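1. predicted model, plus sequence, below.
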2 protein chains.
Amino acid sequence: MSCSSARLAQQIAFINEIEKLKLVYRRNRTIDQSRFENSAEHSWHLALMAMVLAEHANTPGLDIFTVVKMLLIHDLVEIYAGDTWLYDAAGALVQAEKEAWAAQQLFALLPADQAAEFHQLWEAFVARATPEATFAASLDALQPLLNYLLSGSPGEPGDMLAEQDVLGRKQGIAQGSQTLWELAQDVIAASTARGLYAAGLHGRAPGDVEVVPLR
Amino acid sequence: MSCSSARLAQQIAFINEIEKLKLVYRRNRTIDQSRFENSAEHSWHLALMAMVLAEHANTPGLDIFTVVKMLLIHDLVEIYAGDTWLYDAAGALVQAEKEAWAAQQLFALLPADQAAEFHQLWEAFVARATPEATFAASLDALQPLLNYLLSGSPGEPGDMLAEQDVLGRKQGIAQGSQTLWELAQDVIAASTARGLYAAGLHGRAPGDVEVVPLR
């Protein structure tokens, strides 16, 4: 393909490369349980959640377009670095380095000014460096909880995450939105009542949990 | 689940309902050809394209956040109305009525002020009523062309769309961006050269084309 300018060619190379995010699968499932959710549709859902839930941010007057932009790009590094599950603490240590490298590679496809803008947005998100980043991170933590209550299947107590562990891992939601943290606790309690988490502390050790094959 | 307010409960009902867009499948495929692309990940891709390609809009100084919002919500009506293929002219007539009804049903889940905002964005998009809507529509028409060049497989001439028909259906891209229309013509020519469209007018009648089952 010939492009009308080198700049446009760089932009299209980036747009083509990010097709691959549709092939990065997460632990959550679609609500018909037919397949795992991918990071592209997850990012779409988060961007729409930002539009709808903006008023619940702890910090008033957030720049919601910045929140949306962060959420649209926050998982792009997974194209090269893969997705690490929230409850995989050992994986998370290595993951941070891999993602920094991935961001460098991926954003370098863009013209320099846009590469810098995308990199800055992504770094602010990872560092929770701004109120926009903190709120974006709260939405990113809330969405899988909502999805799991709709798409999860009850399991045996020894195979499930412990409710207390989920509460511990998700309490950062309060930093972006106290209202959404209260909602998250309701969602977690409802999920436990449906048999999706083991009550209290009596779940499986998070590091041991494997992806369950789809039927 | 108990929500801290009726307003938040409405917002969460909407966010839960739009999970279903991840299950609306399109004619295009993921680049590994393992499955059809869904409208949620398609919408994510478009929103990112708006961020990257904004400078190529015919109208300078567009409100890009409005373009992004339109693209995030433009396909939501498919949850109730299904997806109609661009080349299915008969289906398109009925589709417009179904989509208007679907928009009414779906946006009514939101609090009234947000329902009105979403409805207005969607109606402007459908009517190509603003420069933002026209540019959003150009991106919506361009993305499947880029995807198809990456994910398509050469076929028999009688089974493929005719290049001239594709050019005819896509020429509206020029209304939002002359630069992207020139790019689109290059992409279509490259696709024909790869055997993805039949050269000239000698393709299959668009109305006869069925979804090809995935291997």
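-> It's in.
2. quick check, A:Glu37 in a helix?
-> No - A:Glu37 sits outside any helix when classified using DSSP: H, G, I helix; E, B strand; the rest coil, being strand.
3. so it touches B:Leu21, yeah?
-> No - using CB atoms under 8 Å, A:Glu37 is not in contact with B:Leu21, being 12.0 Å away. For every residue, glycine as well, the C-beta is placed using N, CA and C.
4. what count of nearby residues applies to A:Leu196?
-> Other residues near A:Leu196 come to 21 when the count uses other CB atoms under 10 Å in any protein chain shown.
5. tell me the helix or strand right after the helix or strand where A:Gln114 lies.
-> Assigned by DSSP states H and E, A:Gln114 falls within helix A:112-127. The helix or strand immediately downstream of helix A:112-127 is helix A:131-151, counting by DSSP H and E.
6. buried ones in the helix or strand just after that next one, by neighbour count?
-> Counting by DSSP H and E, the element after helix A:131-151 in chain order, helix or strand, is helix A:163-170. The neighbour-count check on helix A:163-170 (16 or more other CB atoms under 10 Å in any protein chain shown) flags A:163-166, A:170 as buried.
7. which one is A:Trp85 nearest to, not counting chain neighbours?
-> A:Arg27 (5.6 Å; CB to CB, 6 or more residues apart in numbering or on different chains).
8. so the one you found, which state does it fall into?
-> Strictly by three-state DSSP, A:Arg27 counts as strand.
9. count of neighbours near it?
-> For A:Arg27, the tally of surrounding residues (other CB under 10 Å) stands at 17.
10. go on, A:Ala6?
-> Using other CB under 10 Å, A:Ala6 has 9 other residues around it.
11. same deal with the one 10 residues further on?
-> Residues within reach of A:Asn16, counting by other CB under 10 Å, total 16.
12. contacts only, for it.
-> Taking CB atoms under 8 Å, 6 or more residues apart in numbering or on different chains, we find A:Asn16 in contact with B:146, B:150.
13. still on that earlier bit, now do the buried residues in the helix holding A:Gln114.
-> A:114-115, A:117-119, A:121-122, A:124-126.
14. try stretch A:34-54
-> A:36-54.
15. what does stretch A:94-110 give?
-> For stretch A:94-110, a neighbour-count test (16+ other CB under 10 Å) marks A:95, A:98-99, A:102-103, A:106-107, A:109-110 as buried.
16. in helices, which of those residues appear?
-> A:95, A:98-99, A:102-103, A:106-107 (DSSP state H).
17. could I get the buried residues of helix A:112-127 as JSON lines with distance to chain B and pLDDT?
-> Shown next, in JSON lines, are the buried residues of helix A:112-127 (distance: CB to the nearest CB, whole Å; pLDDT from 0 to 100):
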{"residue": "A:Gln114", "distance to chain B": "6", "pLDDT": "98"}
{"residue": "A:Ala115", "distance to chain B": "11", "pLDDT": "98"}
{"residue": "A:Glu117", "distance to chain B": "9", "pLDDT": "98"}
{"residue": "A:Phe118", "distance to chain B": "8", "pLDDT": "98"}
{"residue": "A:His119", "distance to chain B": "14", "pLDDT": "98"}
{"residue": "A:Leu121", "distance to chain B": "10", "pLDDT": "98"}
{"residue": "A:Trp122", "distance to chain B": "13", "pLDDT": "98"}
{"residue": "A:Ala124", "distance to chain B": "15", "pLDDT": "98"}
{"residue": "A:Phe125", "distance to chain B": "15", "pLDDT": "98"}
{"residue": "A:Val126", "distance to chain B": "18", "pLDDT": "97"}
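18. what is the nearest of these to B:Ala199?
-> Among the buried residues of helix A:112-127, A:Gln114 lies closest to B:Ala199 (CB to CB), at 35.8 Å.
19. spit out the contact partners of the closest residue in space to the closest one that isn't next to it in sequence.
-> In this structure, A:Gln114 finds its nearest non-sequential neighbour in B:Val52, 6.5 Å apart by CB to CB, 6+ apart. For B:Val52, the contact set (CB under 8 Å, 6+ apart) comprises A:11, A:14-15, A:110, A:114.
20. in CSV: the buried residues of helix A:163-170, plus pLDDT and distance to chain B.
-> Listed next are those as CSV, based on pLDDT from 0 to 100; distance: CB to the nearest CB, whole Å:
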residue, pLDDT, distance to chain B
A:Glu163, 96, 15
A:Gln164, 96, 19
A:Asp165, 95, 20
A:Val166, 96, 15
A:Lys170, 98, 15
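21. nearest to A:Ala90 among these?
-> Out of those, the member with the shortest distance to A:Ala90 (by CB to CB) is A:Asp165, at 15.3 Å.
22. hmm, back to that, how near is the residue nearest to A:Trp85 to A:His74?
-> Per CB to CB, to the nearest Å, A:Arg27 is found 17 Å from A:His74.
23. likewise A:Thr192?
-> Separation of A:Thr192 from A:His74 (CB to CB) stands at 28 Å.
24. in chain A, which residue is closest to the centre?
-> What sits nearest the mean C-alpha location of chain A, by CA atoms, centre = their mean, is A:Asp140, with 4.4 Å.
25. that one contacts A:Leu72, doesn't it?
-> No - in this structure A:Asp140 lies outside contact range of A:Leu72 using CB under 8 Å: 11.8 Å.
26. can you tell me which helix or strand of chain A has the lowest average pLDDT?
-> Lowest mean confidence among the helices and strands of chain A (mean pLDDT, DSSP states H and E): helix A:89-107, at a mean of 87.
27. any part of it near chain B?
-> No - contact between helix A:89-107 and chain B is absent, the nearest approach being 11.1 Å (criterion: CB under 8 Å from any CB of the partner chain).
28. how about low-confidence regions in chain A?
-> A:1-4, A:157, A:202-215 (pLDDT under 70).
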